[in-house]
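>>> what follows is a protein structure lacking sequence information:
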């Protein structure tokens with residue numbers, strides 16, 4: 001295909017770009033615009049939009065993590081990225097592209113996992129992590145009841161206080177075990193148990209199966 005033919009089939013393509021590359025960029029732009037709209041609605045309190053957003057970004061996060069991490073706990077990183085998105089969703093500027101903001105969260109979580117892996121390799125005591133990872137945090141919108149609020153926020157709020165504080169401090173605020181122990185008055189051992197039970201309870205609530 002000569003240059004004239006390429007220009008005819010993709011009149012708006014950048015110089016040096018193929019038609020396939022131009023179409024891929026257009027798709028990415030359209031996807032980003034759609035996710036921007038969902039996030040904007042979610043920030044305004046639309047629970048269905050938030051559920052749809054989480055359902056659509058989960059496979060994106062999973063693909064990115066899969067390319068950057070080959071460890072056995074890749075799904076843990078995916079779920080931690082989703083929790084981080086939930087924790088900092090109010091900081092997103094709806095006037096800016098969504099995907100770069102999301103990918104920055106994912107890249108930070110991958111780097112954090114690499115640091116944890118290095119500590120384990122050096123035989124340092126690891127901070128407590130997800131045992132098996134949470135399931136996808138977003139149920140399909142069609143499965144949610146009318147006006148169902150943010151699913152993950154509800155699940156966190158329903159945890160016993162000790163578990164909720166442990167998950168929030170260690171996973172959402174990313175404090176060290178020592179800092180969390182000082183903030184709560186709990187021992188390091190008690191915090192490890194609380195965050196383990198909290199993650200297990202979240203997994204049960206989000207899958208609708210109840211705790212085993």
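On my side now, so go ahead. Quick caveat, the model's predicted, so the values are computed rather than measured.

>>> residue 78 reaches residue 63, doesn't it?
No. The criterion here is CB atoms under 8 Å, and residue 78 misses it with residue 63 at 9.7 Å. Where you see a C-beta, it was placed from the backbone N, CA and C, and this is true even at glycine.

>>> these two: which is more packed in?
residue 78 (27 against 12; other CB atoms under 10 Å).

>>> do you know the pLDDT at that one?
Here the pLDDT value assigned to residue 78 is 87.

>>> how about residue 64?
93.

>>> what's the burial count for it?
Counted with other CB under 10 Å, residue 64 comes out at 20.

>>> quick check, it in contact with residue 103.
Yes. Here residue 64 reaches residue 103: they are 6.4 Å apart, a contact under CB under 8 Å.

>>> any idea which helix or strand in the protein has the lowest mean pLDDT?
helix 3-9 (a mean of 48; mean pLDDT, DSSP states H and E).

>>> what's the neighbour count on the closest residue to residue 174 other than its chain neighbours?
Counting by CB to CB, 6 or more residues apart in numbering, residue 112 is the residue found nearest to residue 174 once chain neighbours are left out, at 7.7 Å. When neighbours are counted by other CB under 10 Å, residue 112 registers 17.

>>> what separation do you get for residue 112 and residue 69?
Residue 112 sits 11 Å away from residue 69, taking CB to CB, to the nearest Å as the criterion.

>>> repeat that for residue 31.
23 Å.

>>> quick one, which of these two is more surrounded?
residue 69 (19 against 14).

>>> for this structure, give me the ranges with low pLDDT.
For the chain, applying pLDDT under 70 flags the ranges 1-28, 120-151, 203-212.

>>> cutoff 90 now
1-31, 47, 51, 68-84, 86-90, 94-95, 108-109, 111-212 (pLDDT under 90).

>>> got the residue ranges for the strands in this protein?
Using DSSP state E, no strands are found in the chain.

>>> phi first, then psi, for residue 96.
Here is the backbone geometry of residue 96 (degrees, to the nearest 10): phi -110, psi 160.
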